[in-house]
Each structure stands twice: as structure tokens, then as C-alpha cells.
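**Student:** Here is my input, please return the structure:
(one chain, ligands or ions: 1)
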Amino acid sequence: MHDHKITTDFTIFENIDELSSTQKKLLLKAIEIRDHAYAPYSRFSVGAAVLMENGEIFTGNNQENAAYPSGICAERVAIWTAMASLPQGRIKKIFISARSDKTVVDQPVAPCGACRQAIAEYETRQKENIEIFFTGEKGKIVKSNSIKDLLPWMFDNSMLS
Ligand code: THU
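**Tutor:** Numbering: from 1, shown residues only. Predicted structure coming up:
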């Protein structure tokens with residue numbers, strides 16, 4: 001028997017001013033689409049912007065439903081829109097921003113488990129890391145260099161063979 005420890009790496013930016021101009025542009029895209037989310041039930045709006053290898057940017061926001069589980073997160077809307085449009089495309093970066101009508105979201109909002117699994121699918125397929133940046137409405141921005149840092153021991157297609 002052996003005990004093991006998994007450590008994960010991430011970078012924290014204190015605020016948007018610490019981002020490069022490209023990073024800032026992508027975060028602003030995520031913020032812009034966030035504010036068009038359809039979130040009448042949770043009042044919690046999320047936006048995501050995906051940068052593809054060819055330079056195209058795709059965005060998405062959460063879309064809720066009166067039948068709650070039929071809603072979908074921003075990240076998956078953005079990723080699937082990108083991959084539907086560019087089926088052979090490679091994802092370089094994803095930026096995520098969240099805000100609430102009820103409170104000021106001043107801590108980073110990480111992607112949910114289902115969205116991490118969706119990101120993992122494409123990172124595994126393209127064999128190139130996807131950078132993931134996530135934040136709230138204001139304050140710190142967390143950068144992860146790979147989904148592996150957010151989803152250790154992830155399930156992927158190697159387990160199906
Ligand atoms: N939500 C996202 O869009 N992304 C996440 O990663 C976490 C949660 C949405 C789903 C739901 O519409 C609302 O936020 C509250 O959970």
C-alpha cells in the first residue's frame with residue numbers, strides 16, 4: 001500500500017489590470033456575454049469566452065429553464081458552439097466570469113464538474129493544454145494551465161479501450 005498526493009498548479013492575478021491585453025480582451029468578452037445570460041431562476045449569470053487556435057473567439061452564457069436540470073452552463077454553451085462551428089478546431093484558452101443579482105461575487109467562480117469534464121474531452125482529444133481563467137464579478141482571477149489541474153484523476157477515453 002502506498003499513499004500518494006496530487007498537487008495542482010495555478011496562478012492568481014489580483015485583478016484585471018494584471019492581465020495581458022489579449023487576456024483582458026477575452027475576459028471582457030466573457031463579461032459582455034455574461035450580462036446577456038438567461039438566468040431568471042438563480043439570478044446567477046455566467047459568461048465564457050473561448051479562444052481557438054485560429055484566433056476565432058466563441059462565447060456563451062448560462063441558459064436556465066423552468067425545468068431546472070434542462071438548463072445549461074455558460075462554459076458548455078461556449079465550448080460546444082466553438083466545436084460545432086470548427087469541428088477540427090483546437091481550444092487555446094477559456095475565460096469565465098460570474099455575477100449575481102443577489103450579492104457581489106468577489107471570489108473566483110470555478111467551472112462546475114460537468115463543465116470540467118466537457119473541457120477535459122477536448123483537451124484530451126487535441127493533446128494540447130487548454131488554459132482556463134476564472135473569476136467572479138470583481139477581484140482575483142485564477143489561471144489554470146490545464147484541465148488536469150482542475151480535474152485530477154479525470155475520466156477520459158483511454159478508460160474505454
Ligand atoms: N453555472 C454556469 O454557467 N457555469 C458554472 O460553471 C457553474 C454554474 C450556472 C448554472 C446555473 O444557471 C447558475 O450558474 C447557477 O448554478
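
**Student:** helix, strand or coil for the residue nearest to Asp106 when sequence neighbours are not counted?
**Tutor:** The shortest distance from Asp106 to any non-neighbouring residue, by Cβ to Cβ, 6 or more residues apart in numbering, is to Gly139 (4.4 Å). To be clear about C-beta, it is placed using only N, CA and C from the backbone, and glycine gets the same treatment. Here Gly139 is coil, with the state taken from DSSP: H, G, I helix; E, B strand; the rest coil.

**Student:** Can you give me the neighbour number for Gly139?
**Tutor:** Neighbours of Gly139 under the rule other Cβ atoms under 10 Å: 15.

**Student:** and if you look at the one 10 residues further on?
**Tutor:** Here the count is done by other Cβ under 10 Å, and Asp149 has 16 residues near it.

**Student:** Could you pull out the strands in this protein for me?
**Tutor:** Per DSSP state E, the chain carries strands over the ranges 11-13, 44-52, 57-61, 91-100, 131-135, 141-144.

**Student:** for the ones you listed, which one sits closest to Gln107?
**Tutor:** strand 131-135 (8.7 Å; Cβ to Cβ).

**Student:** just so I know, which of the strands of the chain lies nearest His4?
**Tutor:** strand 141-144 (20.7 Å).

**Student:** so what does that closest one touch, helix or strand wise?
**Tutor:** strand 11-13, strand 131-135 (3 or more Cβ pairs under 8 Å, 6 or more residues apart in numbering; DSSP states H and E).

**Student:** Can you tell me the strand partners of it and which way each runs?
**Tutor:** strand 11-13 (antiparallel), strand 131-135 (antiparallel) (DSSP bridges).

**Student:** what's in contact with the first one?
**Tutor:** Read that as strand 11-13. Contacts to strand 11-13, defined as Cβ atoms under 8 Å, 6 or more residues apart in numbering, come from residues Leu19, Lys140, Ile141, Val142, Lys143, Asn145.

**Student:** right, and the pair among the residues you listed with maximum separation?
**Tutor:** That would be Lys140 and Asn145, which, of the contacts of strand 11-13, are the farthest apart (Cβ to Cβ) at 16.7 Å.

**Student:** Would you mind listing what in this structure touches the ligand?
**Tutor:** 39, 42, 44, 46, 62, 64, 71, 73-75, 111-112, 115 (Cβ under 6 Å from any ligand atom).
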